[in-house]
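>>> sharing a sequence plus its predicted fold:
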Amino acid sequence: MKKINLAITGCMGRMGQQLIKSANKDKTFKITSLTESRRINKRIFGVSPEINSINAFKKANVIIDFTVPKCTLEILKIAFKLKKKVVIGTTGFTKKEEKLIKRFSNKIPILKAGNMSLGVNLLMYLTEITSRSLGKTFLSKVYEVHHKHKKDYPSGTALMLGKGIAVGKNKEFYSIIGKKYLNKKSFPYGNKVNFNSIRKGDVIGEHEVSFSSGKEIVKLNHESFDRALYSEGALAAAKWLSNKKSGLYSMRDLLNFK
């Protein structure tokens, strides 16, 4: 079987390092390039990290990107020129940046997910169903916990779950975003969806969606214990995307959730 040539961006970051470990264990892939935003004077599993460029990505079949929005958009510009497929795990995009990604996907295949975990994507699916089933009489909110080094908040996963609530209510996502709290011990339900983000220790990821009528509460939650589940999910996404034409895809497409 012909191997998929893989480029991993942000190779010195937490997810970059995990992706390298997982990809080296998976015989489907050959890592042809590793990139960072700065010069790295060492080889990693025989590959010398480079700065993002046309030369760095020209041998790749698929690029996996877990960086920051500004870097992701720079990578997409290069991928667009080279007609490369891109898996995006980066989070924290603005509405304008989301539109740019959609525009790039008109010409190249892109799979974008705020979370690559099977369990989290199932949680989002269940969130949509619950939001639709409970209707207008229930208010909702989203709680999440991540390690102290995570900069963006709410997390991409928390925003995914907020979008699931919006889909269930048949509303536009940005119209239902409420207050965004950081490190609060408790936070209220609201007419819009409020978010509370906790940053502490080395927590990999905890997410909870709550629905309340005032008389009862329904909770859906998910906990991650091993960062490898995200890298393995991203590699599954890269395999799936390698046979796709241009378009903007999600883990939901891969998992075939209706």
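That came through, no problem.

>>> please enumerate the strands of the stretch 101-250 of the chain.
For the stretch 101-250 of the chain, the strands defined by DSSP state E, counting those that start in this stretch occupy 109-112, 139-146, 177-182, 193-199, 205-212, 217-224, 247-249.

>>> list the buried residues for the shortest one?
When you say that, I think you mean strand 247-249. 248-249 (16 or more other C-beta atoms under 10 Å). All C-beta spots, glycine's among them, are computed from the backbone N, C-alpha and C.

>>> in the next helix or strand after it, which residues are buried?
The helix or strand immediately downstream of strand 247-249 is helix 251-255, counting by DSSP states H and E. Buried residues in helix 251-255, defined by neighbour count with 16+ other C-beta under 10 Å: 251-254.

>>> and what of stretch 140-149?
Within stretch 140-149, the residues that count as buried by 16+ other C-beta under 10 Å are 140-146.

>>> could I get the strands of the stretch 101-250 of the chain as CSV with mean pLDDT and distance to Lys85?
Formatted as CSV, these follow (pLDDT from 0 to 100; distance: least, C-beta to C-beta, whole Å):
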stretch, mean pLDDT, distance to Lys85
strand 109-112, 98, 5
strand 139-146, 97, 28
strand 177-182, 97, 31
strand 193-199, 98, 31
strand 205-212, 97, 26
strand 217-224, 96, 26
strand 247-249, 98, 10
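
>>> mind checking these for the one nearest to Arg43?
Closest of the strands of the stretch 101-250 of the chain to Arg43 is strand 109-112, at 28.8 Å (criterion: C-beta to C-beta).

>>> partners of that closest one in the sheet?
Strand 109-112 pairs in its sheet with strand 85-88 (parallel), strand 247-249 (parallel), by DSSP bridges.

>>> so, low pLDDT: which residues of this structure?
For the chain, applying pLDDT under 70 flags the ranges 1, 258.

>>> contacts only, for the closest residue to Ser250 other than its chain neighbours.
Leaving aside its chain neighbours, Ser250 sits nearest to Ala113 (5.6 Å; criterion: C-beta to C-beta, 6 or more residues apart in numbering). Listed by C-beta atoms under 8 Å, 6 or more residues apart in numbering, the contact set of Ala113 reads 88-89, 121, 160, 233, 237, 250-251.

>>> ok, now which ones touch Glu206?
143-146, 221-224.

>>> would you map the helices across this structure?
Along the chain, the segments classed as helices by DSSP state H run 14-25, 54-57, 69-82, 95-104, 118-134, 156-168, 228-241, 251-255.
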